[in-house]
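Participant: coords below, sequence missing:
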């Protein structure tokens, strides 16, 4: 039996039986689980949900008691972190370098000055933006694995996990579930394994209209755009909000990579982003507001179908 069609930034995810389906709220968004295989699927789903809750409790900066919130509030002092969280932050730092600065995990100062979490309607002065830029950037994050600590060189700096934590959680939930087949939809980012999934990608001007369809198997599909939340994506290199040019969809073998690269390639834009994807063998599709679709060779190799 095939999965039913699922959508990225388009329609709710629907999957076929047999299997176990659950929907919960996690990290401020909807999390849909579909698990298949022998054994106790209830126990598998509980294990996956516990993993999501564990990661949120430790890393969400929306939660004042989390380890990363304590890091942000430490005023530059070292904070003890578990090896797992040091490793996640180290991976995020590495992607800052790989993406030529288009992705950065230390953006909280810029998020605050633009009030992105409050809707992004604030317009900072030139002096405010300059101060926030000095307090942003992964170079301010110092990780000491031997001591088991992290610190931020600027007391106003802070980790902002919105561009990578859900992707990491998807990978950990899949591992925790341990089923031979499954589909996770975490706020629009998909992770599918076992059976192939027919996944559709929405038109950036109309989220109810599918523009591309691909088969997703043992991979994650993540998208970034401004159609739903407005210009909420910041360019770490300038400190300013990115223009609303359309949307980008990325397919990668794991959730963390897909999550990070969909953000980074949106920041780079359809021309520089496509060039980066070409150089690095990344499967990416850029959907422009004028109806143009540009795809990297790796994305074309997935045999996408354009939908009219």
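Facilitator: It's in. Here the structure is a predicted model, which means the values were calculated and not measured.

Participant: hey, what's residue 29 bridged with?
Facilitator: The bridge-partner assignment for residue 29, based on DSSP bridges, gives residue 26.

Participant: so how far is residue 164 from it?
Facilitator: The span separating residue 29 from residue 164 equals 15 Å under the rule CB to CB, to the nearest Å. Bear in mind the C-beta positions are built from the backbone N, C-alpha and C, glycine included.

Participant: those two: who's more crowded?
Facilitator: A count of neighbours by other CB atoms under 10 Å puts residue 164 above the other of residue 29 and residue 164, at 23 against 12.

Participant: isn't the more buried one up against residue 260?
Facilitator: Yes: with contact taken as CB atoms under 8 Å, residue 164 and residue 260 are classed as touching, separated by 5.1 Å.

Participant: now do the shared contacts for those two.
Facilitator: 92, 95, 103 (CB atoms under 8 Å, 6 or more residues apart in numbering).

Participant: ok, the last one touching residue 96?
Facilitator: Yes: here residue 103 reaches residue 96: they are 5.8 Å apart, a contact under CB under 8 Å.

Participant: just the buried positions in whatever helix or strand residue 56 lives in, please.
Facilitator: Here residue 56, judged by DSSP states H and E, is contained in helix 41-59. Taking 16 or more other CB atoms under 10 Å as the basis for neighbour counts, the residues of helix 41-59 that come out buried are 41, 44, 45, 47, 48, 49, 51, 52, 55, 56, 58, 59.

Participant: and what of stretch 285-300?
Facilitator: Within stretch 285-300, the residues that qualify as buried are 285, 286, 287, 288, 289, 293, 294, 295, 296, 298, 299, counting by 16+ other CB under 10 Å.

Participant: before we move on, what about stretch 172-180?
Facilitator: Residues of stretch 172-180 classed as buried by neighbour count (16+ other CB under 10 Å): 172, 173, 174, 176, 177, 179.

Participant: which other residues reach that stretch?
Facilitator: Outside stretch 172-180, the residues touching it (CB under 8 Å, 6+ apart) are 33, 35-39, 41, 44-45, 47-52, 55, 182, 184, 191, 193-194, 255.

Participant: now stretch 269-280
Facilitator: 98-100, 102, 242-243, 245-246, 248, 264-268, 282-284, 286, 288, 294, 296-299.
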